[in-house]
Structure formats: C-alpha cells, structure tokens
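[1] Provided below for reference: sequence and predicted model.
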Amino acid sequence: MAIIPITVYGDKILRQKAEPVKAVTDEVIVKIKNMFDSMRNANGVGLAANQVGYRDSIFVIDLEDVEGYEKFKPVVMINPQIVLLSDEKVIREEGCLSLPNLRAEVERSKLVKIKFLNTDEEEVEIEADDLFARVILHEYDHLLGKMIPDRVTSEIKSKLQDELAKIKKRDVEIDYPITKG
C-alpha cells in the first residue's frame, strides 16, 4: 500500500476528536493497510488514524516484534469504546511516533476492557493487560485528541517543553517521514 508521513506535535488533527466509521468500505480498508505500513516503517507498535492525517475512529496495533508477544496477532480497532479500566495503575515510560525521540513516564490502568468493530464489522470485546492495555489506552487517547503531555504531571510537562518546541518546528532527526507542518 502506502507509507504516509506521520503527523507530529503541533499538527491540528492530533487535537481533534476522531469521527465514527459508518461502514468498513474499500476506502477504509486501504486506510487501515496504509496505517499498518506507516506504523511498521516507523518501527511503531500502535498507530491511530489521526497520526497519518485520517479523521476516522480507528487504530491499529502490532506487538509481534516485542519480546514476549511473538505470537501476537495484529489488531484493528474501529470505533473503539472503553468498557472498563482497572483501578490498579502502572507507571511506565512511553514514546509516540507523533512525538519523535520524546519519552516520558505515564500512569495508565494495568487492565482495560474495550469493545470495537473489526474489519468484518463484527463487534468484539476483549480484555487486555500490561503492554497491550497500555498501547490500547495510548492509541485511544489519540482518538480523543490527547497525547502524552496531557497525561503527565505538570512538573514533567514543563521539562518536556524544549523537546516539544523542537518537534513542533520539525527540528528532529528521525528515520521515518513526518508531515511538513
């Protein structure tokens, strides 16, 4: 399919709420394939539609290159909805393709139950924990227009300001295409 430039911090679409997918058309399938191609090209494990300039409520996840997840089957979540979040929280370092080279400690629920449509328009409900749950919650945030800086303490956010400014100006060295801005 196609590798599409990744939108980065400062691109308006990253702050917009995704729009529900009305039907899984051929056009939507092409978008999903483009999302997987773009994510894999950038060595990511998850990608939301707005990270490649689409307004659709879709994200893709592929953890099979992560140690311990070798048998993971790539997943597409269309119109996802969080059903349950565990009270148990875990703090772990996160990165984001839309925030090149930036890493921050983010607190998230250890377990999530989520329902979504698959590409056959069947409703699926799954429970995920640990890394899978974290990636789901990270990508779900994108569909709401939220990013890592919205999930960290004000102290951490203030430490990230210089890096965020560089990203916004595209003053970053990375090995995947990003939007021109």
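    All right, it came through fine.

[2] CA atoms for contacts and neighbours, from now on please.
    Fine.

[3] report the central residue of the protein.
    For the chain, Glu139 is the residue whose C-alpha lies nearest the centre (C-alpha atoms, centre = their mean; 3.0 Å).

[4] show me what whichever strand or helix holds Tyr140 is packed against.
    Taking DSSP states H and E as the criterion, Tyr140 maps to helix 130-143. For helix 130-143, the packing partners by 3 or more C-alpha pairs under 8 Å, 6 or more residues apart in numbering; DSSP states H and E come out as strand 46-48, strand 58-61, strand 104-109, strand 111-117.

[5] so where do the helices sit in this protein?
    Per DSSP state H, the chain carries helices over the ranges 26-41, 130-143, 154-168.

[6] and those, which is most packed in?
    Most buried of the helices of the chain, by mean neighbour count (mean count of other C-alpha atoms under 10 Å): helix 130-143, with a mean of 22.

[7] how about the top strand by length along the chain: buried residues?
    In the chain, taking DSSP state E as the definition, the longest strand is strand 75-85. Judged by neighbour count using 16 or more other C-alpha atoms under 10 Å, the buried positions of strand 75-85 are Val76, Met77, Ile78, Asn79, Pro80, Leu85.

[8] also stretch 56-70?
    Asp56, Ser57, Ile58, Phe59, Val60, Ile61, Asp62, Leu63.

[9] same thing with stretch 141-152?
    Buried, per 16+ other C-alpha under 10 Å, within stretch 141-152: Asp141, His142, Leu143, Leu144, Gly145, Lys146, Met147, Ile148, Pro149, Arg151, Val152.

[10] residues touching the third one, list them.
    Which is Leu143. By C-alpha atoms under 8 Å, 6 or more residues apart in numbering, Leu143 lies in contact with Gln16, Lys17, Ala18, Ala48, Ala49, Asn50, Ser57, Ile58.

[11] you'd agree the last one is up against Val76?
    Yes - counting by C-alpha atoms under 8 Å, Ile58 does reach Val76; the two are 7.1 Å apart.

[12] switch the contacts of Leu143 over to JSON lines; also include pLDDT and distance to Arg170.
    Formatted as JSON lines, the contacts of Leu143 follow (pLDDT from 0 to 100; distance: C-alpha to C-alpha, whole Å):
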{"residue": "Gln16", "pLDDT": "97", "distance to Arg170": "20"}
{"residue": "Lys17", "pLDDT": "98", "distance to Arg170": "23"}
{"residue": "Ala18", "pLDDT": "98", "distance to Arg170": "24"}
{"residue": "Ala48", "pLDDT": "98", "distance to Arg170": "20"}
{"residue": "Ala49", "pLDDT": "98", "distance to Arg170": "20"}
{"residue": "Asn50", "pLDDT": "98", "distance to Arg170": "18"}
{"residue": "Ser57", "pLDDT": "98", "distance to Arg170": "26"}
{"residue": "Ile58", "pLDDT": "98", "distance to Arg170": "26"}
